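[1] what follows is a predicted structure for the sequence shown.
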Amino acid sequence: MQYDVIVIGSGPGGYVAAIRCAQLGLKTAVIEKYSTFGGTCLNVGCIPSKALLDTSEHYHNAAHSFATHGISLSNLKIDVKKMIERKDDVIAQNTAGITYLFKKNKIDSYEGVGSFVNKNTIKITKKDGATEELTTKNVIIATGSKPTALPFLPIDKQRIITSTEALNLSEVPKHLIVIGGGVIGLELGSVYARLGAKVSVIEYAKSIISTMDGGLGKELQRVLKKSLGMEFFLGHKVTGATAKGKKVTVTAEDSKGQAVSFEGDYCIVSVGRVAYTKDLGLENIGITPEERGNKIPVNDHLETAVEGIYAIGDVIKGAMLAHKAEDEGIYVAERIAGQKPHIDYNLIPGVVYTWPEVASVGQTEEQLKEAGKKYKSGSFSFKASGRAKASGDTDGFVKVLADAETDEVLGVHMIGPRAADMIAEAVVAMEYRASAEDIGRICHAHPTFTEALKEAALAATANRAIHA
Ligand SMILES: NC(=O)c1ccc[n+]([C@@H]2O[C@H](COP(=O)([O-])OP(=O)(O)OC[C@H]3O[C@@H](n4cnc5c(N)ncnc54)[C@H](O)[C@@H]3O)[C@@H](O)[C@H]2O)c1
């Protein structure tokens with residue numbers, strides 16, 4: 001079969017690329033090695049983790065905040081099996097949605113491992129070993145990433161686990177040790193802490209979510225400790241972990257170089273992800289992944305050194321985020337169709353789905369300082385928000401950073417209720433190069449959490465916040 005485009009991998013990058021290619025009239029096929037579409041995000045990442053975060057949030061609220069609303073419950077229980085079954089149903093609904101979209105857009109799909117025979121021929125190796133070859137003008141590699149393992153720390157998938165296994169536990173851990181205070185560790189740590197587990201986070205850096213604006217990590221750590229009792233061991237370098245029966249022992253060096261150890265019943269290793277290029281046959285087309293991170297090198301148009309072969313998402317440079325991969329998928333599809341699309345990498349928002357949620361776009365204060373840029377900062381605390389008081393979600397703040405001379409918004413960083421959704425307003429504003437005053441002059445419905453962004457923008461403009 002001859003195609004215009006073959007997409008290898010059906011995660012958010014790959015399936016979106018395929019749909020856009022088909023919309024543009026290109027004959028398109030997708031090769032996926034698993035039996036369901038959607039990649040990490042839909043099957044073992046974004047979607048299932050959000051399903052568990054929602055269940056655990058309901059449980060935690062029922063156990064801890066309902067009483068303040070005058071709602072009393074007795075005999076509150078969590079049925080872990082049911083929680084996992086519901087999560088599986090959410091996954092099934094989402095992956096079925098992609099099957100439907102492929103059919104609707106007349107995209108052919110093949111189950112098996114796709115690999116390059118040459119730049120125009122892709123071999124599919126099926127589960128039973130049978131092979132089939134397809135020819136194509138273009139290829140989009142969208143094979144994503146997998147959890148990084150620490151070389152000295154074997155993952156047994158029973159007690160020492162990755163995010164994948166953490167989505168399928170059959171019980172609430174008594175003491176969950178989380179290695180890595182990044183996005184995955186804090187989201188999955190939150191799930192089990194809300195269900196009653198003691199959670200200890202061991203992090204190498206001096207703060208959690210250390211690549212985000214510094215104020216966010218500090219506030220998140222404070223709230224997670226206060227509301228969920230999570231404990232944080234920062235500046236700790238993990239040196240090993242062993243599992244014996246139901247017991248896991250993790251060893252580390254603290255910030256003074258002293259050996260310390262932690263004992264728990266489960267340990268999640270969440271120290272990042274690495275690009276997945278195994279079995280692609282890249283050597284057959286002369287592509288060598290970068291030594292660090294295994295990423296496929298691409299130019300500014302996301303094309304590899306081989307004409308007509310593109311790569312998108314986690315398998316190339318940049319943030320490992322589903323929405324970044326999606327935008328890149330659309331970008332490449334439109335390039336292949338002869339259009340001139342554009343992605344502004346500075347405006348890709350980052351979100352952590354803890355509670356309070358954390359969300360960010362643009363430059364952090366640390367980056368602005370390092371670049372020697374003169375900026376103004378305005379913050380607004382949810383403590384002063386009427387909407388937040390009504391819902392009892394008064395932790396967190398919104399911070400707007402604006403150019404000291406032009407007032408153009410350079411970065412927005414927020415931690416608070418529904419920040420994941422609220423950040424979209426900041427992205428739109430920055431896309432249109434709004435000034436802080438522009439945001440401050442836009443009418444925001446009252447009472448809403450979004451008023452906090454308006455107030456922070458006013459504070460940045462001229463210390464003009466009304467309710468601070
Ligand atoms: N909400 C979201 O958008 C979302 C959710 C999940 C995952 N992801 C993405 O998936 C990727 C992987 O997530 P992640 O949380 O595994 O990685 P991460 O890069 O977010 O965090 C890993 C953390 O582990 C720490 N670390 C590394 N080695 C260590 C060691 N030996 N001892 C102690 N700490 C150590 C790092 O300092 C870092 O803080 C990220 O790129 C993330 O953006 C995004």
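    Nice, thanks for sending it over.

[2] who's in contact with the residue of the stretch 151-300 of the chain found nearest the ligand?
    Among the residues of the stretch 151-300 of the chain, Gly182 lies closest to the ligand, at 1.8 Å counting by Cβ to the nearest ligand atom. C-beta coordinates here come from the backbone N, C-alpha and C atoms, glycine included. By Cβ atoms under 8 Å, 6 or more residues apart in numbering, the residues touching Gly182 are Ile208, Ile209, Ser210, Ser270, Val271, Gly272.

[3] ok, and the most crowded of those residues?
    With neighbours defined as other Cβ atoms under 10 Å, the most crowded of the contacts of Gly182 is Ile208; it has 27 neighbours.

[4] excluding sequence neighbours, find me the nearest residue to it.
    Gly181 (3.6 Å; Cβ to Cβ, 6 or more residues apart in numbering).

[5] burial measure for Ala51, as a count.
    By other Cβ under 10 Å, 21 other residues sit near Ala51.

[6] how near is it to Lys87?
    4 Å (Cβ to Cβ, to the nearest Å).

[7] where does the residue nearest to Ile208 sit: helix, strand or coil?
    At Gly181 the chain is in coil, as set by DSSP: H, G, I helix; E, B strand; the rest coil.

[8] OK, contacts around it?
    Val201, Ile202, Glu203, Ala205, Ser207, Ile208, Ile209, Ser210, Phe232, Leu234.

[9] surely the first one is within a helix?
    No. The assignment for Val201 (three-state DSSP) gives strand, which keeps it out of a helix.

[10] distance check, Thr304 against the ligand.
    In this view, Thr304 and the ligand are 22 Å apart by Cβ to the nearest ligand atom, to the nearest Å.

[11] next helix or strand past the lengthiest strand in the chain?
    Longest strand in the chain by number of residues (criterion: DSSP state E): strand 131-141. Counting by DSSP states H and E, the next helix or strand C-terminal to strand 131-141 is strand 145-147.

[12] for the residue of the stretch 1-150 of the chain found nearest the ligand, what are phi and psi?
    Relative to the ligand, the nearest point of the stretch 1-150 of the chain is Leu150 (5.6 Å; Cβ to the nearest ligand atom). Reported as degrees, to the nearest 10, the phi and psi values for Leu150 are phi -80, psi 130.

[13] list the helices and strands the helix or strand containing Ala62 packs on?
    Element membership of Ala62, judged by DSSP H and E, is helix 46-64. Packed against helix 46-64 by the contact rule (3 or more Cβ pairs under 8 Å, 6 or more residues apart in numbering; DSSP states H and E) you find helix 80-104, helix 183-194.

[14] for Ser255, what are its contacts?
    Leu234, Gly235, His236.

[15] and those residues, which of them are in strands?
    Among the contacts of Ser255, none falls in strands (DSSP E).

[16] which of these are buried?
    Buried subset of those (neighbour count, 16 or more other Cβ atoms under 10 Å): Leu234, His236.

[17] confidence score at the nearest residue to Val358 once chain neighbours are set aside?
    Distance criterion Cβ to Cβ, 6+ apart; nearest residue to Val358, sequence neighbours excluded, is Val352 at 4.0 Å. What the model reports as pLDDT for Val352 is 98.

[18] ramachandran angles for Val352?
    Torsion angles at Val352 (phi, psi; degrees, to the nearest 10) stand at phi -120, psi 120.
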